[in-house]
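Colleague: Need a 3D model of the sequence below.
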Amino acid sequence: MTKDLYVKNISLQATEEDVRKLFAVAGKVSYIHLITDAKSGAMIGRGYVKMASEAEAKEALNILDGALLIDRVIEVREARPQKPAAGPSRRPQRKGPRR
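Modeller: Down below sits the predicted model:
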């Protein structure tokens with residue numbers, strides 16, 4: 001198991017500190033990233049929590065999946081590895097009209 005957790009259905013009223021306090025019951029929280037909308041900057045109810053150890057991440061997953069945070073029941077899952085960014089296309093670009 002990884003130390004990174006993906007959290008869904010976070011209350012839109014929740015702050016990073018609210019999430020940190022909740023996950024601290026399972027151990028030391030190393031990092032929190034709450035995902036925001038690119039245009040508005042508003043939180044979209046999802047985020048990532050990184051615990052200090054794999055054991056603490058497992059504990060957080062076991063005790064906090066289905067926990068109530070403010071006004072919503074959160075879902076906690078093991079975070080999947082990030083996919084590599086798509087690079088530029090390898091096909092050459094055509095210039096001019098097609099013949």
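
Colleague: Just the CA trace of the top helix by length along the chain, in CSV.
Modeller: Longest helix in the chain by number of residues (criterion: DSSP state H): helix 54-64. Output of helix 54-64 as CSV, limited to C-alpha atoms (Å, rounded to 0.1, in the frame of the first residue of the first chain):
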residue,chain,number,x,y,z
GLU,A,54,2.0,3.1,5.0
ALA,A,55,0.7,1.8,8.3
GLU,A,56,-0.9,5.1,9.1
ALA,A,57,-2.4,5.3,5.6
LYS,A,58,-3.9,1.9,6.0
GLU,A,59,-5.3,2.9,9.4
ALA,A,60,-6.8,6.1,7.9
LEU,A,61,-8.3,4.1,5.1
ASN,A,62,-9.9,1.6,7.5
ILE,A,63,-11.3,4.0,10.0
LEU,A,64,-12.1,7.1,7.8
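
Colleague: Could you give me the buried positions within that helix?
Modeller: Neighbour-count burial for helix 54-64 flags E56, A57, K58, E59, A60, L61, L64 (criterion: 16 or more other C-beta atoms under 10 Å). Using the backbone N, CA and C atoms, a C-beta is placed for each residue, glycine as well.

Colleague: V49: which of those residues is nearest?
Modeller: Nearest to V49 among the buried residues of helix 54-64: A60, at 7.2 Å, using C-beta to C-beta.

Colleague: and the closest residue to that closest one other than its chain neighbours, what are its phi and psi?
Modeller: Nearest residue to A60, sequence neighbours excluded (C-beta to C-beta, 6 or more residues apart in numbering): A26, at 3.6 Å. With angles defined as degrees, to the nearest 10, A26 sits at phi -100, psi -10.

Colleague: Tally up the residues packed near A26, please.
Modeller: Burial of A26 is recorded as 22 neighbouring residues (other C-beta atoms under 10 Å).
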